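Peer 1: this one's structure only:
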């Protein structure tokens, strides 16, 4: 179906035709439909996930209209959905002989090659689709990008979506996908740019305002995020999630009192939402109002006993109040619900350590390190706990292993401090040279954790020589 046909598609007529087709399946009596009706029937059935019926419709259409290339393409699409990729290519080779200038032939063929893992042939097919696109260039580029999305190759998809926008700056679908996928890739500035371009065309789309708010929030632009969420809420007052996210953005900005106010507004609309109650608890925790924080977490648990965040929040309050035994009980309840959360295990390790249960602290921290080996805080905490028990050499072994798994400069500076503490200056200076080359700015971390290092003459000379060599004076 070409772009004009898609735009002028008579939904009401197709809906009626779809109903007649479904009734014909039940009665066993075939009905006549024109080409556009068969196209619409197949398309709708594919969207519904009824692949078998869509195949019947496509085959019936071809029997009645054997020369309709559009129906042959629909049949190829059905085969694609059934996972018969090699069959798709063979079938399209036949269709290509009939209509070699139809970009849809190459689009579907490219998708099939992509799934089969032959990117070179897929690229050739897509290039041919673009070559034959005519005035549908932006639409074809968009669909090529969509094929790469399905294949999980997001960067390639983004490149095609961007080319679609170059071909037609008002291609809303491409702009929306660029906003979404740039956000997913962590390129928040680009995401914001594309969402705003979309909103220049369709300023009344509340879901796009909402998505823009999410990206602004991730980018740390909390005021802008709140503004976007407010637009979404103005455009759709029933979209309560906007109010919830306004509260979140305020909390992220450190406006905890305003966040609590907004969460409470949200709870008037959705009083059974335990997550909102949890976030109120977190806001009060940040405000150091532990009594109200505890009350909020308890309310969340009454609403949902499986809310691990609430149990963890109670554990944090008990820890702050030095009620270590109670803290451990609550954090363990959170872990029982979600034992893959490294933050829970890390905090449990810290509480165990403060409660002078060093062996249990080490076990908890090792569990945390297995769950999130790239988290340097876990390794540094584990070393601190080992040092409490006088296990400096064990700490050195742990840091060496950690550095192999995760090349974090803070771990290297910490290892320098341990070598110095254990009077192993040659190893300390060797590791210091490596750490300074990686990121010199963190030399102050070494001075903070081991103040004696700043007074070590040999070390001071090494640092001064490095600064001179690299013009860091």
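Peer 2: That came in fine, so what should we check first? Since this is a predicted model, take the numbers as computed values, not measurements.
Peer 1: CA only for contacts and neighbour counts going forward, please
Peer 2: Fine.
Peer 1: list the buried ones in stretch 264-271?
Peer 2: For stretch 264-271, burial by neighbour count (16 or more other C-alpha atoms under 10 Å) applies to 264, 265, 266, 267.
Peer 1: Also stretch 396-405?
Peer 2: 396, 398, 399, 402, 403.
Peer 1: Check stretch 361-371 too.
Peer 2: 361, 362, 363, 364, 365, 366, 367, 368, 369, 371.
Peer 1: ditto for stretch 303-311
Peer 2: Within stretch 303-311, the residues scored as buried using 16+ other C-alpha under 10 Å are 303, 306, 307, 308, 309, 310, 311.
Peer 1: pLDDT averaged over it - what is it?
Peer 2: Mean pLDDT, stretch 303-311: 97.
Peer 1: Show me the contact partners of that stretch.
Peer 2: Identification of contacts with stretch 303-311 by C-alpha atoms under 8 Å, 6 or more residues apart in numbering yields 272-275, 278, 297-298, 300-301, 330-331, 333-335, 337-338.
Peer 1: redo that, cut-off 6 Å
Peer 2: By C-alpha atoms under 6 Å, 6 or more residues apart in numbering, the residues outside stretch 303-311 that reach it are 274, 278, 297, 330, 334, 337.
Peer 1: give me the number of residues near the first one?
Peer 2: Right, residue 274. Residues near residue 274, counting by other C-alpha atoms under 10 Å, number 24.
Peer 1: Pretty sure it sits against residue 300.
Peer 2: Yes: assessed by C-alpha atoms under 6 Å, residue 274 is found in contact with residue 300 at 4.6 Å.
Peer 1: rewinding a little: TSV for the buried residues of stretch 361-371, including secondary structure, pLDDT and distance to residue 382?
Peer 2: As requested, these are exported to TSV (DSSP: H, G, I helix; E, B strand; the rest coil; pLDDT from 0 to 100; distance: C-alpha to C-alpha, whole Å):
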residue	secondary structure	pLDDT	distance to residue 382
361	helix	97	8
362	helix	96	6
363	helix	97	9
364	helix	97	9
365	helix	97	6
366	helix	95	8
367	helix	97	11
368	helix	97	10
369	helix	94	9
371	helix	95	14
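Peer 1: Nearest to residue 462 among the buried residues of stretch 303-311?
Peer 2: residue 309 (47.2 Å; C-alpha to C-alpha).
Peer 1: What separation do you get for the most centrally placed residue in the chain and residue 192?
Peer 2: With distances taken as C-alpha atoms, centre = their mean, the residue of the chain nearest its centroid is residue 184 (4.9 Å). Residue 184 is 12 Å from residue 192, where distance means C-alpha to C-alpha, to the nearest Å.
Peer 1: Okay, now the unreliable bits of the stretch 51-200 of the chain?
Peer 2: 98 (pLDDT under 70).
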